[in-house]
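Chemist: 3D, please:
(2 chains, ligands or ions: 2)
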Amino acid sequence: MSDVTAQKKRRAPEPEPADEVQQSLYAKREKIYPREVHGTFAALRVLAMVVLLGLYYGVPWLRWEGRQAVLFDLPARKFFIFDWVFWPQDFFYLALLLMIAALSLFFFTAVAGRLWCGYACPQTVWTEIFMWVERKIEGDRPQQMKLDKLPWNSEKVLKKGSKHVILLLFSLYTGFTFVGYFTPIDELGARMFSFDLGPWETFWVIFYGLATYGNAGWMREQVCIYMCPYARFQSAMFDKDTLVISYDEARGEPRGKRKRTADRQGLGLGDCIDCTLCVQVCPTGIDIRKGLQYQCIGCAACVDVCDDVMDKMGYDRGLVRYTTENGLKGRPAHPLRPRILVYATLLLAMTAGLIYAISQRIPLELDVIRDRTGLYRETSEGLVENVYNLKVINMDEREHVYRLSASGLPEMEFINRKGELTVAAGEVYNLPVRIRIDPIHLTRSTNEITFHIEATDAPELAREATSRFIGPVD
Amino acid sequence: MSQILKVQWIISILWPGFLVAGAATIVTFTVFDPVEISACIGGPDISRTGWYSVGFFLFWFMSALSSLLTCYFQQPCQVVQGTQDPE
Ligand code: SF4
Ligand code: SF4
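Modeler: Numbers count the residues shown, from 1 in each chain, chains lettered A, B, ... in the order given. Ligands and ions are numbered 1, 2, ... in the order given. Have a look, this model is predicted:
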């Protein structure tokens, strides 16, 4: 909060043109109208956007062996990912996966700075597509600014209205897709068009839709600047060899306007022609020439536009470019520095661990709970009886027949259903079991026993669970 | 408090709560099945999606409450004393 307050204090004395200031959630903010930009990195960004949005909207519609290929079926408490089915018991894998994701973020940040922010973050990607729609309807930066200054005439109402209707519909479809990752999407679609969605599904479609609309339509760079936790701590992962976008001050200064034909040496000018295009294209509204700032999301829009300017002037490209602090100062680079090696080693080890763990995963679970109604019972024949509730979960994709046995005490007698049980794919089988034993075998009142279960057709599918057998004290 | 500060304040209470509630919901409902627990203790008969949602908002409420207290205790003590002094 203190950061934000400081920000406000710094900004407060600046008089701002009333018509461009927008009362925003965090600070008085000049609305940013990023100018459209073309070039290598812009093309890369569009490519990333198309691929990522394509994946997001497309993946829920993929089918795999008669079901949705990727489905985080929350109502059924099962995650389907192509051939794999994960259960809550597999939480370990999810935790490992999240740790790997976090670590790769560290790794890529240390190597290449805010690569994630510039190309892959959903906030960037959706803002990008929203701005594309905006440009299609309202035109580029100058037209947008002109439109905003206009009084509310029919043209403005029509343009703004249609923009927001399109963005809202698109956002709702985004919300629908989001819910489609958690309940089967074809069914969801059918129900949506017959207005038959459950209350919770409706709620989440609208909630996620409105969040998308608010974040990509209104909040935009403010999310990155004020709300994003990653943006706050990424600088801790930066060092002098991290790739950042930077303005070459030594080359650019003193900046100044000049004719294309002018002799810059004669004028005593650097390469920056002070056209401010790099500021106009910046989605976070900063001036890269002031140095590395934490608002910079590393989108490289300023690199593209400045390269264009340099081409037109007949100067070398790269006045604004991807470089490192060391590179800028002409010092040698250290691509294999300890930090990178540590991250890379950890990342490799954890990924290998995850792959190994998944390959060794046994899709069978056995839980034993001692019956709570009594410690033990003595039968008329003088035997001691304990009751257990067994839960057998077949997490495999096909049916299995399992053999149940117990060990730990001699001559244990299963009363019901000692032998084999058939459990369907994905079934949770509850089996009450009674075990009787002659008290002469009981040397203590509490004895540890172990239940074993093994698939008859696949001996590697085996599990054990321990419990206690309680008898009379003497 | 100015209009902007007030909005900032509200977001700095709701937003961290939202993040924490997301994580808490995932962890809690991975370990516990709400439908099973509800059946066990004779709770209301709500669908799983319903329980997850209720759980999420409950966590959100609790963690937002904690953020609220943090914000409240963050005020310097002088300010608190100052309010007793009608100066
Ligand atoms: S785009 Fe390049 S030349 Fe133009 S102001 Fe920015 S740094 Fe200078
Ligand atoms: S300074 Fe350049 S790279 Fe950074 S956000 Fe602005 S346009 Fe993108």
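Chemist: just so I have it, where are all the strands in the stretch 101-250 of chain A?
Modeler: Assigned by DSSP state E, counting those that start in this stretch, the stretch 101-250 of chain A shows strands spanning A:244-247.
Chemist: Right, and ligand 2 sits closest to which residue of it?
Modeler: When scored by CB to the nearest ligand atom, the stretch 101-250 of chain A has A:Ile245 as its residue closest to ligand 2, at 4.3 Å. Heads up, the C-betas are built off the backbone N, CA and C, glycines and all.
Chemist: Which positions in the stretch 351-474 of chain A make contact with ligand 1?
Modeler: Nowhere does the stretch 351-474 of chain A come near ligand 1, counting by CB under 6 Å from any ligand atom.
Chemist: okay, and for the stretch 351-474 of chain A, where does confidence drop off?
Modeler: Under the criterion pLDDT under 70, the flagged ranges of the stretch 351-474 of chain A are A:416-418, A:473-474.
Chemist: which regions of the chain lie under the pLDDT threshold?
Modeler: Answering for chain A, as no chain was given. Within chain A, the ranges that satisfy pLDDT under 70 run A:1-29, A:416-418, A:473-474.
Chemist: Can you look at chain B instead?
Modeler: Across chain B, the ranges flagged by pLDDT under 70 are B:1-5, B:7, B:77-87.
Chemist: try 80
Modeler: Segments of chain B classed as low confidence (criterion: pLDDT under 80) are B:1-8, B:42-44, B:75-87.
Chemist: Which positions in chain A make contact with ligand 2?
Modeler: Within chain A, the residues that sit near ligand 2 (CB under 6 Å from any ligand atom) are A:245, A:281-284, A:286, A:288, A:296-302.
Chemist: Pipe those residues into CSV and attach secondary structure and neighbour count per row.
Modeler: Below are the residues of chain A next to ligand 2 laid out as CSV (DSSP: H, G, I helix; E, B strand; the rest coil; neighbours: other CB atoms under 10 Å in any protein chain shown):
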residue, secondary structure, neighbour count
A:Ile245, strand, 22
A:Val281, helix, 22
A:Cys282, coil, 23
A:Pro283, coil, 24
A:Thr284, coil, 19
A:Ile286, coil, 20
A:Ile288, helix, 19
A:Cys296, coil, 23
A:Ile297, coil, 27
A:Gly298, coil, 23
A:Cys299, coil, 25
A:Ala300, coil, 24
A:Ala301, helix, 29
A:Cys302, helix, 28
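Chemist: Mind checking what secondary structure the closest residue to A:Leu383 other than its chain neighbours has?
Modeler: Of all residues not flanking A:Leu383 in the chain, A:Arg436 sits nearest, at 4.4 Å (CB to CB, 6 or more residues apart in numbering or on different chains). Here A:Arg436 is recorded as strand under DSSP: H, G, I helix; E, B strand; the rest coil.
Chemist: wait, isn't A:Arg436 in contact with A:Gly382?
Modeler: No - in this structure, A:Arg436 is not within contact of A:Gly382 by CB atoms under 8 Å, at 10.1 Å.
Chemist: So the two - more neighbours on which side?
Modeler: Between A:Arg436 and A:Gly382, counted using other CB atoms under 10 Å in any protein chain shown, the more crowded position is A:Arg436 (17 against 9).
Chemist: measure the more buried one to A:Arg260 for me?
Modeler: Taking CB to CB, to the nearest Å as the measure, A:Arg436 falls 100 Å from A:Arg260.
Chemist: now do A:Val303
Modeler: Using CB to CB, A:Val303 is found at 21 Å from A:Arg260.
Chemist: For the two, indicate the residue with more neighbours.
Modeler: A:Val303 (27 against 8).
Chemist: right, and the helix or strand after the helix or strand hosting the more buried one?
Modeler: A:Val303 is part of helix A:301-313, with elements assigned from DSSP states H and E. Counting by DSSP H and E, the next helix or strand C-terminal to helix A:301-313 is strand A:320-323.
Chemist: I would like the residues contacting that next one, please.
Modeler: By CB atoms under 8 Å, 6 or more residues apart in numbering or on different chains, the residues outside strand A:320-323 that reach it are A:243-248, A:278, A:288, A:300, A:302-303, A:306-307.
Chemist: what does stretch B:33-50 give?
Modeler: A:74-75, A:77, A:88, A:182-183, A:198-201, B:51-52, B:54-55.
Chemist: got the CA positions of that stretch in PDB?
Modeler: Included here for stretch B:33-50 are C-alpha records, laid out as PDB according to Å, rounded to 0.1, in the frame of the first residue of the first chain:
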ATOM      1  CA  ASP B  33     -14.800 -34.200   0.100                       C
ATOM      2  CA  PRO B  34     -17.400 -31.700   1.200                       C
ATOM      3  CA  VAL B  35     -20.400 -33.900   0.200                       C
ATOM      4  CA  GLU B  36     -19.100 -36.800   2.300                       C
ATOM      5  CA  ILE B  37     -18.500 -34.500   5.300                       C
ATOM      6  CA  SER B  38     -21.900 -32.900   5.000                       C
ATOM      7  CA  ALA B  39     -23.500 -36.400   4.800                       C
ATOM      8  CA  CYS B  40     -21.500 -37.400   7.900                       C
ATOM      9  CA  ILE B  41     -22.500 -34.500  10.100                       C
ATOM     10  CA  GLY B  42     -26.000 -34.200   8.700                       C
ATOM     11  CA  GLY B  43     -25.300 -30.900   6.900                       C
ATOM     12  CA  PRO B  44     -27.400 -29.500   4.100                       C
ATOM     13  CA  ASP B  45     -27.600 -31.400   0.800                       C
ATOM     14  CA  ILE B  46     -25.800 -29.200  -1.700                       C
ATOM     15  CA  SER B  47     -24.000 -30.300  -4.900                       C
ATOM     16  CA  ARG B  48     -20.200 -30.400  -4.900                       C
ATOM     17  CA  THR B  49     -19.900 -27.400  -7.200                       C
ATOM     18  CA  GLY B  50     -22.100 -25.600  -4.700                       C
END
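Chemist: Would you mark the buried spots in that stretch?
Modeler: The neighbour-count check on stretch B:33-50 (16 or more other CB atoms under 10 Å in any protein chain shown) flags B:Pro34, B:Val35, B:Arg48, B:Thr49, B:Gly50 as buried.
Chemist: how about the contacts of strand A:320-323, which pair is most distant?
Modeler: A:Leu243 and A:Cys278 (18.1 Å; CB to CB).
Chemist: Neighbour count: these two, which is higher?
Modeler: Between A:Leu243 and A:Cys278, counted using other CB under 10 Å, the more crowded position is A:Cys278 (24 against 20).
Chemist: Surely the more buried one is within a helix?
Modeler: Yes - the assignment for A:Cys278, made by three-state DSSP, places it in a helix.
Chemist: Could you check what's spatially nearest to it, not counting adjacent residues?
Modeler: Closest to A:Cys278 by CB to CB, 6+ apart is A:Cys302, at 3.8 Å.
Chemist: Can you show me the helices along chain B?
Modeler: Using DSSP state H, the helices found in chain B span residues B:3-31, B:34-41, B:48-74, B:77-84.
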